[in-house]
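Novice: Turn this into a model:
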Amino acid sequence: MIIVTGHLVVDPADRDRVVELSREAVVAARATTGCIDFAVSTDSAEPDRVNISERWTDREALDRFRGSGPEGEVGGLIRSFAVDEYEVTSDDSGADGIRALLDARVAAVGAKDLDGLSSLLAQDLESFNVLPPHRAQGREPVLEAARGWFDGYASDIGYDVHDLRIATSGAVGFAAFLYRVSGTLTSGDEVVMWVRATLGCERRDGRWVVTHDHESVPWDAETGQGVLTL
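Specialist: Residues are numbered from 1 along each chain as shown. You can find the predicted model right below:
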């Protein structure tokens, strides 16, 4: 894994402008194969500083994305910069990639972002869901179900991951966890629901995607109700 970290020094009056002008690059980087994370943000202590943080699966992925440096208006606003690169070789790199995938999944669900969710799923995904369809093959049935799920909420959707366990070997990994869904439905009803999940993931073309998604809730045969609570 390649980590790029550093900062730009700009006129305090230009700082927010620099961050806004960087938005397109951030979106493009996060959509690039091999990008684990990419962020450009203001500093909380120094008004003339803009922080940069990048994580890439490998050098090749970074080099494919990187151009010759700041261009256009952004380059003209930078007074100076300090950026360092680090190559991390660790057995935890696969776990880091899956953890980043889950962070992106939480963000996509919370924002009801179908495109963001779609980018995390393999085309040949196999899934066993709590809500219909209870078994689906391929990405499209899952996205269609997610669209209906998103549309059922008047509020943002809370999606909190708990008790996460990750195991990886090479380009294959598994994540097991509980997650708590919360929010307000269009009917006005409040929802708080716990679900258990196991994701099978593969690293393809330098990035982790979900290839198998199994979600469930223990069932009480006498009451006909789910019983997973914390």
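
Novice: only C-alpha atoms for contact and neighbour calcs from this point on.
Specialist: Fine.

Novice: how about the helices in this protein?
Specialist: 15-21, 23-30, 59-65, 72-77, 93-110, 114-118, 139-151 (DSSP state H).

Novice: Identify each buried residue in the second one, please.
Specialist: Yep, that's helix 23-30 we're talking about. 26, 29, 30 (16 or more other C-alpha atoms under 10 Å).

Novice: what's the answer for the third one, then?
Specialist: For helix 59-65, the buried set under the neighbour-count rule, 16+ other C-alpha under 10 Å, comprises 61, 62.

Novice: Equivalent analysis for the fifth one, please.
Specialist: Residues of helix 93-110 classed as buried under the neighbour-count rule (16+ other C-alpha under 10 Å) are 94-102, 104-110.

Novice: ok, the residue nearest in space to the middle of the chain - contacts?
Specialist: Nearest to the mean C-alpha position of the chain, by C-alpha atoms, centre = their mean, lies residue 104 at 1.1 Å. Neighbouring residues of residue 104 by C-alpha atoms under 8 Å, 6 or more residues apart in numbering: 116, 117, 120.

Novice: Any chance of JSON lines for those residues, columns pLDDT?
Specialist: Formatted as JSON lines, the contacts of residue 104 follow (pLDDT from 0 to 100):
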{"residue": "116", "pLDDT": "92"}
{"residue": "117", "pLDDT": "93"}
{"residue": "120", "pLDDT": "95"}
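
Novice: Pull up the per-residue confidence for residue 74.
Specialist: Note on residue 74: pLDDT of 82.

Novice: I meant to write residue 219 there.
Specialist: 68.

Novice: Run through the strands of the chain in chain order.
Specialist: For the chain, the strands defined by DSSP state E occupy 2-10, 35-42, 49-56, 78-87, 121-128, 136-137, 158-169, 172-184, 190-204, 207-216, 219-220, 225-226.

Novice: And these, which one averages the lowest pLDDT?
Specialist: Taking the mean pLDDT of those, strand 225-226 comes last: a mean of 61.

Novice: so what pLDDT did the residue nearest to the centre of the chain get?
Specialist: We have a pLDDT of 93 for residue 104.

Novice: distance of it from residue 149?
Specialist: According to C-alpha to C-alpha, to the nearest Å, residue 104 stands 18 Å off from residue 149.
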